[in-house]
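>>> give me a 3D structure for the following:
(2 chains)
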Amino acid sequence: MPFTLATWNINSVRLREEIVLKLMQEEAPDVLCLQECKSPVEKIPLEGFRALGYHHMVARGQKGYNGVAILSKIPMEEAGSEDFAGLGHARHIAGRLENGVTIHNFYVPAGGDVADREVNEKFGQKLDYLTEMRDSFHADTPERSILVGDLNIAPREDDVWDHKKLLKVVSHTPIEVEHLAQVQEAGNWVDVTRADIPDGRLYSWWSYRAKDWDAADKGRRLDHVWATPDIAGAAHSSRVLRAARGWEKPSDHAPVFATFDL
DNA sequence: ATGGTGGTGCTACCA
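Residues are numbered from 1 along each chain as shown, chains lettered A, B, ... in the order given. Next comes the predicted model:
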């Protein structure tokens, strides 16, 4: 049975319940992975989601910050969560669908403003988080798995609006890109989005601070869909729903989709 | 070189 998955940094699931429902109604992914829910799990507004067929959820939450959730129309059981770098943050949850596919949903630390761990503790935490992700996939090679989320890194030159201007900007520095590449290598992860859409600029995030985000188009591809090689070939129809960045009271991220024929 | 816009929950912290 084919299924469609979407990943979306929602920047408060309670404030943006209406556009989550809109996405569910208009796009109806079978599985919706959210990041930055900014809500304790028990305060996620499930009623409307259930009414649209999303009867299954696995989630981790905390008050005000972080938070990840997987909402699914397909039966799903929890498959663990990790606290990489020992931050005590709700940044990872895993679910296993009834077809045996495991989904890892990550919200990698943003890393603060300065790309130097000596002066910016948050940058060090981001690198450490990625290193521990790498080690965990190295220790336990994932199979039949999908990894999605806001990884807060735009790895390729065509994942940002200006490669040279962003080389020293957190999210596109060489050391972050190298750390992300090591996570990818450790799990043999295939970048499904770029396997599907190999050429051209592609973004999933546009700052709130731009006057006209659409016209300026100073975006970055921070949100990713990866899969293990045993199922990556089943993926197709990848896309970024750019229009969602222009919806009422938008998140600064747009949802990223992929379909798997499994 | 700087400040620009948001969310959360109390005054800054985070993105």
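>>> neighbours around the residue nearest to A:Leu202 when sequence neighbours are not counted, how many?
Closest residue to A:Leu202 apart from its sequence neighbours, by Cβ to Cβ, 6 or more residues apart in numbering: A:Arg221 at 5.2 Å. Every residue, glycine included, has its C-beta placed from N, CA and C. Using other Cβ atoms under 10 Å, A:Arg221 is surrounded by 24 other residues.
>>> next, the contact list for A:Arg221, please.
Listed by Cβ atoms under 8 Å, 6 or more residues apart in numbering, the contact partners of A:Arg221 are A:Ala154, A:Pro155, A:Arg156, A:Asp159, A:Val160, A:Thr193, A:Leu202, A:Tyr203, A:Ser204, A:Trp205.
>>> just the ones of these in helices?
A:Thr193 (DSSP state H).
>>> turn the contacts of A:Arg221 into CSV, columns for neighbour count, pLDDT and distance to DNA strand B.
Output for those, formatted as CSV (neighbours: other Cβ atoms under 10 Å; pLDDT from 0 to 100; distance: Cβ to the nearest atom of the strand, whole Å):
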residue, neighbour count, pLDDT, distance to DNA strand B
A:Ala154, 28, 98, 13
A:Pro155, 20, 98, 17
A:Arg156, 14, 98, 20
A:Asp159, 24, 98, 16
A:Val160, 24, 98, 15
A:Thr193, 25, 98, 20
A:Leu202, 22, 98, 19
A:Tyr203, 23, 98, 15
A:Ser204, 26, 98, 13
A:Trp205, 22, 98, 9
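>>> hang on, A:Ala69 in a strand?
Yes. A:Ala69 forms part of a strand when assessed by DSSP: H, G, I helix; E, B strand; the rest coil.
>>> what's the neighbour count on the nearest residue to it once chain neighbours are set aside?
Nearest residue to A:Ala69, sequence neighbours excluded (Cβ to Cβ, 6+ apart): A:Ala59, at 3.7 Å. When neighbours are counted by other Cβ under 10 Å, A:Ala59 registers 24.
>>> what about A:Ala59, which SS state?
A:Ala59 is classified as strand under three-state DSSP.
>>> just checking, it touches A:Asn66?
No. Applying Cβ atoms under 8 Å, one finds A:Ala59 not in contact with A:Asn66, separated by 11.3 Å.
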